[in-house]
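*Asks:* just coords:
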C-alpha cells in the first residue's frame, strides 16, 4: 500500500488525528491507539528525534512546517525534511509547498482557514489547481461549510481548531469530514467511539 493510501485508510478508520503541541502530549499520544499525528512542536535540532520516536511506534507523522522553527519554507527545506527528517508528510498553509512536497515523496495536507466567503472561494479554487492529498479546514465548528466543501471536491477533508467536546467531533464527522484533528488529549482516548459514524 502506498503511503498516501495508508494515511487515508488510517484516518478513515480512526476518524481522529492527534495534534501534538508539546513533548508531554507526545508521550500521551503514544499511550493511545490513534495512528496519525500532526506534530506542531520541536525545532530543527530535535524534530528528527520526535519523528523517529513516532515512527518506531508505527505512527504516521506530519510536520506542520510553519510551526517547526529553523526549517525553511522552500524547495531546499522540503528536500531536507524528506531526506533527513523523513516524516510521512507535511501540513502547511502555503499552497506553494504542496507540489514541492509531493515531488519529494511527502504526503501533503493543505490547511485552510475559513475566515470569510472569499477565503472559501479562493481555497476551493486553489484545491482544484494544486490537488493536495487532503485538506484541513479550520475552525472545525462550521458544519455547513464542511458539507459545502465535501460537495465541491473529492479531496479528503479533515477539520480542526476550536474542537472542545465530543459533540464537536461528532458534528464535524456527520457533516462529511473524514477525520478531526485536535490537540485536546482528553478527546484522544475516546477515538474508538467515532469509528462508527458513516461517511
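*Replies:* Perfect, thanks for sending it. Predicted model only: the values in this text are computed from it and were never measured.

*Asks:* how many neighbours does the closest residue to residue 124 other than its chain neighbours have?
*Replies:* Once flanking residues are discounted, residue 124 sits nearest to residue 152: 5.4 Å by CB to CB, 6 or more residues apart in numbering. Quick note: C-beta positions are derived from backbone N, CA and C, even for glycine. Each residue near residue 152 was counted by other CB atoms under 10 Å, and the total is 13.

*Asks:* try residue 13
*Replies:* Neighbour count of residue 13, defined by other CB under 10 Å: 15.

*Asks:* again, but for residue 55
*Replies:* 14.

*Asks:* ok but it is inside a strand, no?
*Replies:* No. Applying DSSP: H, G, I helix; E, B strand; the rest coil, one finds residue 55 to be helix, outside a strand.

*Asks:* that one: what's it in contact with?
*Replies:* Residues near residue 55 by CB atoms under 8 Å, 6 or more residues apart in numbering: 61, 86.

*Asks:* ok, it to residue 101 distance?
*Replies:* For residue 55, the distance to residue 101 equals 18 Å [CB to CB, to the nearest Å].

*Asks:* how deep is the closest residue to residue 48 other than its chain neighbours tucked in, by neighbour count?
*Replies:* Closest residue to residue 48 apart from its sequence neighbours, by CB to CB, 6+ apart: residue 85 at 4.8 Å. Residues lying near residue 85 (other CB under 10 Å) number 20.

*Asks:* list phi and psi for residue 85.
*Replies:* phi -80, psi -40 (degrees, to the nearest 10).

*Asks:* what number of residues lie near residue 49?
*Replies:* As a burial measure, residue 49 scores 11 neighbours (other CB under 10 Å).

*Asks:* typed the wrong thing, it's residue 154
*Replies:* Neighbour count of residue 154, defined by other CB under 10 Å: 7.

*Asks:* where does it land in three-state SS?
*Replies:* Under three-state DSSP, residue 154 comes out as coil.

*Asks:* for the protein, which segments count as strands?
*Replies:* 16-20, 36-39, 60-64, 89-92, 107-113, 134-138, 157-160, 179-182 (DSSP state E).

*Asks:* residue ranges with poor pLDDT in the protein?
*Replies:* Residue ranges of the chain with pLDDT under 70: 189-199.

*Asks:* longest helix of it, counting residues only.
*Replies:* For the chain, the helix that runs over the most residues, judged by DSSP state H, is helix 117-130.
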